[in-house]
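Visitor: I would like the atomic coordinates for the input below:
(2 chains)
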Amino acid sequence: DQQVKQNSPSLSVQEGRISILNCDYTNSMFDYFLWYKKYPAEGPTFLISISSIKDKNEDGRFTVFLNKSAKHLSLHIVPSQPGDSAVYFCAARVGGGADGLTFGKGTHLIIQP
Amino acid sequence: GAVVSQHPSRVICKSGTSVKIECRSLDFQATTMFWYRQFPKQSLMLMATSNEGSKATYEQGVEKDKFLINHASLTLSTLTVTSAHPEDSSFYICSALGGQGGTDTQYFGPGTRLTVL
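Guide: This next block holds a predicted model:
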């Protein structure tokens, strides 16, 4: 049973526009969420995170929104740049940092010039 | 900083042999490290949690006798795939807890591509 779901395998966005990547989860015990960016044959790179006590966290071009009642979070990238083309993974965990992460299957973001 | 390295980056071995993969946190100490596995077009799946100086905690379905984990120091964890078989071929990624993100963020290594012939 997939506890973290990224229903869009791929997303194509024009350079300069906003990219919105979505993530849904089923486990109501998750209380910390992270977004990672990954290139082929490399490890994931941490982008941004959010605690369940917040509904928004912003870091430069990246903003993560959390809707706990809907069990939904999204990553907004604005403006989108060619270097943003990669696979983006949503991850969640229960409790403190000593717990492993549960990952979604990823969304391949393609930024078109 | 929060740099995690893995060695080797790529390994090809014969069926039945054992392979050791090292994971190091280069600029911070990590009391907890994690090992994940990723099959093509799939998400990263947590295999085990490794704590310095204690036994690793394995996820359901992961054989602890096949995937030996040793967390000998605050900067090094090793994963040994014993008696490897072709179905063990995968991308193995470690992560370390800590660094600039404190205890809330896992920083990942670059991964190790294992191919078992």
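Visitor: get me the contact residues on chain B for chain A.
Guide: Listed as neighbours of chain A in chain B under the rule Cβ under 8 Å from any Cβ of the partner chain: B:2, B:4, B:6, B:32, B:34, B:36, B:41-46, B:49, B:51, B:59, B:91, B:93, B:95, B:97, B:101-111, B:113. Every C-beta, even on glycine, is put in place using the N, C-alpha and C of the backbone.
Visitor: tell me the buried residues within the residues you listed.
Guide: Taking 16 or more other Cβ atoms under 10 Å in any protein chain shown as the criterion, what is buried in the residues of chain B next to chain A is B:2, B:4, B:6, B:32, B:34, B:36, B:43-46, B:49, B:51, B:91, B:93, B:95, B:97, B:101, B:105-111.
Visitor: now do the same end-to-end measure for stretch A:49-63.
Guide: 9 Å (Cα to Cα, to the nearest Å).
Visitor: again, but for stretch B:39-49
Guide: 19 Å.
Visitor: what's the answer for stretch A:64-73, then?
Guide: Length of stretch A:64-73, first residue to last, Cα to Cα: 7 Å.
Visitor: got the contact list for that stretch?
Guide: By Cβ atoms under 8 Å, 6 or more residues apart in numbering or on different chains, the residues outside stretch A:64-73 that reach it are A:22-26, A:28, A:33, A:35, A:48-50, A:52, A:54-58, A:74-76, A:90.
Visitor: buried only: go through those for me.
Guide: The neighbour-count test (16+ other Cβ under 10 Å) applied to the contacts of stretch A:64-73 identifies A:22-25, A:33, A:35, A:48-50, A:57, A:74-76, A:90 as buried.
Visitor: just those residues: which are in strands?
Guide: Per DSSP state E, strands hold the following members of the buried ones among the contacts of stretch A:64-73: A:22-25, A:33, A:35, A:48-50, A:57, A:74-76, A:90.
Visitor: which among these gets closest to chain B?
Guide: When those are ranked by distance to chain B (Cβ to the nearest Cβ), residue A:49 comes first, at 6.4 Å.
Visitor: report pLDDT for the closest one.
Guide: On pLDDT, residue A:49 comes in at 93.
Visitor: just give the nearest non-adjacent residue to it, would you?
Guide: The shortest distance from residue A:49 to any non-neighbouring residue, by Cβ to Cβ, 6 or more residues apart in numbering or on different chains, is to residue A:34 (4.3 Å).
Visitor: try residue A:113
Guide: Closest residue to residue A:113 apart from its sequence neighbours, by Cβ to Cβ, 6+ apart: residue A:15 at 5.3 Å.
Visitor: what's the burial count for that neighbour?
Guide: 13 (other Cβ atoms under 10 Å in any protein chain shown).
Visitor: that one contacts residue A:78, doesn't it?
Guide: No - between residue A:15 and residue A:78 there is no contact under Cβ atoms under 8 Å: 11.5 Å.
Visitor: residues of chain A that sit close to chain B?
Guide: Residues of chain A that fall close to chain B, judged by Cβ under 8 Å from any Cβ: A:4, A:32, A:34, A:36, A:41-46, A:49, A:89, A:96-106.
Visitor: just the buried members of these?
Guide: A:4, A:32, A:34, A:36, A:42-44, A:46, A:49, A:89, A:97, A:99-106.
Visitor: and the strands in chain A?
Guide: Assigned by DSSP E, chain A shows strands spanning A:4-5, A:10-14, A:19-25, A:30-38, A:45-51, A:56-59, A:62-67, A:72-77, A:86-94, A:102-103, A:107-112.
Visitor: likewise for chain B?
Guide: Taking DSSP E, the strands of chain B run over residues B:4-7, B:10-13, B:19-25, B:32-38, B:44-51, B:57-58, B:67-73, B:76-81, B:90-97, B:106-108, B:112-116.
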